[in-house]
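Asks: Below are the sequence and a predicted model for it; my questions follow.
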Amino acid sequence: MTEKSAIIIGAGVAGLSTGIYAQMNGYKTQIFEMGIKPGGLCTTWERKGYYIDGCLHWLVGSSPKSSYYHMWQEVGALKDKNVIDMECFNRYETADGKSVTIYSDIDRLAAHFKEIAPEDSAFIDEFSAAVRFFSELDLPADKAPELYSPLDGLKMMTRMAPYMREFKKWGKLSIKEFAGRFQNPLLRESWLLFWPPEFSSVFILMTLGWLHTKNAGYVIGGSLELALNMEKRYCELGGKVNYKSGVEKILVENGRAVGIKLTNGSEYKADYIISAADGHATIWEMLEGKFMDQTVEKYYEMPLFKPLVFIGLGVKRTFTDLPQMVSGLIIPLEKAITIDNKEHKHLNVRIYNFDPSFAPEGKTTLEVMFESDFAYWQELSQDTARYKAEKERIAAAVVSALNKRFPGFSKQLEMWDVATPVTFYRYTGNWQGSCEGFLMTPDNMMLQMKKTLPGLDNFYMAGQWVMPGGGLPSGLISGNHVVQVLCKRDKRKFKVTTA
Ligand SMILES: Cc1cc2nc3c(=O)[nH]c(=O)nc-3n(C[C@H](O)[C@H](O)[C@H](O)COP(=O)(O)OP(=O)(O)OC[C@H]3O[C@@H](n4cnc5c(N)ncnc54)[C@H](O)[C@@H]3O)c2cc1C
């Protein structure tokens, strides 16, 4: 077998997955990463002895019954890790003392909802039946869709046929429309606080299904530990990660990608170039917009996951009275927090009472996120003093709000840290600071995006910018699929090994 080489741009989960599967299949690879550590968005950082996690809430495929599970094993992500399944997804507390909880167990959730809103029993039965139904669904990922034969297509259609009716029914219903189906005002209000209004409901029902079957667990230690595990696996397979190696340009000769040029001017050549970095920068900057058509242009008109203002807090206290929640507690604000002229009337606080490794004993990390536009922060960041003051103002408003819910909070505060959409952009290069790529909407939920660009040979893309909905599984799966395509092209039998 002649040795073939590949250059991978980006050491996020997608780049690492691509590298791991490529090494397993005899490709000689190197990853070029502009940052100083693996993981990209899947990261954790330390402040004053507390750890703040910029990603991991739930890992789809954490159940051994899932077909993603063996892939997470193959890439070594879960090696020596404890995975826990939390009791609740989140909880909304109203100002007048009521609360609505999304329990991970769908039977418990349905009973709780019916207690709040007996008038909505029929709809609660309808959607909880859909959650149970979707909880049986194991999304097939073993074979790259690019390699499907007509027979594979037929098999897939047969496998998915029972789900298609439910997919169509819930897929075209946005969260806003779903919320409108509740007669009860509290459930209606809560549902809109739990998820973005433009999201496709099917995505949420599937998530609830995964929570119900314990297939969306949390990995103790958090995001960076998971990424470091993958980096270790990649290096053990003979791969090499070059850090502080930002790629400026993809070199093209006669319609073929042949190498890369780094920001420091050095050039590297390989048989294949795979970008697992931001899609927009890859197409419009590294390739100068020379390889595209209407399809590609249309992709980048899809709505994005909004960027975030992300506040990490460290307090000298515990929260053992609250259940462990994937996403956290939503509380109303007495005084709205305004960011870029947008009023935020609620605060979603994620409380790390589920991972002792995030703070010293007796202390806890908390995280609060607000969606906010990139342009506002980009403009503000030009003026360091104003940028810093705005971050401080938001952090102070958050602490004051939490002090009302948790008396004494301000005095227990030992650490605060604010990341903005500009921070996310600076550290990962993601377009508009987006936290997860393209939003999964009723319009794109069945879209199979291309991982190649028109007119450019020897070039592939992996990661959240080639799979609407993004997330860690998008990196894992797209990396695996790109390597399957390479193997087919090079007449190699695709093979995997387990860590
Ligand atoms: C707050 C938050 C919570 C999330 N929660 C979850 C969750 O619970 N579950 C889940 O599944 N997903 C979650 N996600 C989404 C998930 O983190 C991302 O979808 C996923 O990590 C994307 O992986 P990726 O490898 O495709 O891209 P990235 O992580 O963006 O990796 C791209 C890499 O390329 C590098 N790069 C960029 N440009 C260049 C260049 N020019 N040269 C060299 N290197 C370059 C970057 O530095 C980066 O390391 C969350 C995201 C956020 C922000």
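Replies: In hand now; what should we look at? Residues are numbered from 1 along each chain as shown.

Asks: of all the residues in the stretch 251-400 of the chain, which ones are close to the ligand?
Replies: Proximity of the stretch 251-400 of the chain to the ligand (CB under 6 Å from any ligand atom) is limited to residues 276, 277, 278, 281, 308. For glycine as for every other residue, the C-beta is placed from the backbone atoms N, C-alpha and C.

Asks: Hmm, residue 377 and residue 386 touching each other?
Replies: No - if you go by CB atoms under 8 Å, residue 386 and residue 377 don't touch, sitting 10.8 Å apart.

Asks: Check which helices and strands the helix or strand bottoming out on mean pLDDT in the chain sits against.
Replies: One helix or strand of the chain scores below all others by mean pLDDT, DSSP states H and E: helix 150-171, with a mean of 86. In terms of contacts (3 or more CB pairs under 8 Å, 6 or more residues apart in numbering; DSSP states H and E), helix 150-171 is packed against helix 121-135, helix 201-212.

Asks: can you pull out the strands in the stretch 151-300 of the chain?
Replies: Assigned strands in the stretch 151-300 of the chain, in chain order: 216-219, 240-242, 247-253, 256-262, 267-269, 272-275 (criterion: DSSP state E, counting those that start in this stretch).

Asks: mind listing what's buried in the third one?
Replies: Residues 247, 250, 251, 252 are the ones in strand 247-253 that count as buried (16 or more other CB atoms under 10 Å).

Asks: okay, these in a markdown table with distance to residue 14 next?
Replies: Formatted as a markdown table, those follow (distance: CB to CB, whole Å):
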| residue | distance to residue 14 |
| --- | --- |
| 247 | 15 |
| 250 | 16 |
| 251 | 21 |
| 252 | 22 |
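
Asks: now, among the residues you listed, which is nearest to the ligand?
Replies: Relative to the ligand, the closest of the buried residues of strand 247-253 is residue 247; by CB to the nearest ligand atom it sits at 3.7 Å.

Asks: Settle this for me: the closest one is touching residue 262, isn't it.
Replies: Yes - between residue 247 and residue 262 there is a contact under CB under 8 Å: 6.0 Å.

Asks: so what sits against both of the two?
Replies: Contact with both residue 247 and residue 262 is made by residues residue 32, according to CB atoms under 8 Å, 6 or more residues apart in numbering.

Asks: can you list the weak-confidence ranges in this protein?
Replies: Across the chain, the ranges flagged by pLDDT under 70 are 1.

Asks: again, 80 this time
Replies: 1-2, 139-140, 441-442, 445-446, 499 (pLDDT under 80).

Asks: Walk me through the domains of it.
Replies: What automatic domain parsing lists as the domains of the chain is 4-42+61-80+220-303+443-489, 102-213, 308-431.

Asks: ok, back up a step: closest one of the residues of the stretch 251-400 of the chain next to the ligand to residue 90?
Replies: Nearest to residue 90 among those is residue 308, at 16.2 Å by CB to CB.

Asks: Spatially nearest residue to the closest one, not counting backbone neighbours?
Replies: Nearest non-adjacent residue to residue 308, counting by CB to CB, 6 or more residues apart in numbering: residue 369, 4.8 Å away.

Asks: The one you found - how many residues pack around it?
Replies: Neighbour count for residue 369, taken as other CB atoms under 10 Å: 19.

Asks: How about residue 467?
Replies: By other CB under 10 Å, neighbour count at residue 467 equals 23.

Asks: Tell me who's in contact with it.
Replies: Going by CB under 8 Å, 6+ apart, residue 467 touches 437, 449, 474, 477, 478.

Asks: Just give me how far the host helix or strand of the third one sits from the chain centre.
Replies: In other words, residue 474. Per DSSP states H and E: residue 474 is located in helix 472-489. Here helix 472-489 is found 18 Å from its chain centre; the criterion is CA atoms, centre = their mean, to the nearest Å.

Asks: Mind giving me the packing neighbours of that helix?
Replies: Where contact means 3+ CB pairs under 8 Å, 6+ apart, helix 472-489 is packed against helix 13-24, strand 59-60, helix 69-74, strand 459-461.

Asks: Neighbouring strands - and their directions - for the shortest one?
Replies: Partner strands for strand 59-60, per DSSP bridges, with pairing direction: strand 216-219 (antiparallel).

Asks: Does the ligand have contacts with the partner strand?
Replies: No - using CB under 6 Å from any ligand atom, strand 216-219 stays clear of the ligand, with a minimum separation of 8.2 Å.

Asks: Restrict that strand to CA atoms and write it as PDB.
Replies: Extracted C-alpha coordinates of strand 216-219, given in PDB (Å, rounded to 0.1, in the frame of the first residue of the first chain):
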ATOM      1  CA  ALA A 216     -26.900  11.800  26.600                       C
ATOM      2  CA  GLY A 217     -24.700  11.600  29.600                       C
ATOM      3  CA  TYR A 218     -22.100  14.000  31.100                       C
ATOM      4  CA  VAL A 219     -18.500  13.000  31.200                       C
END
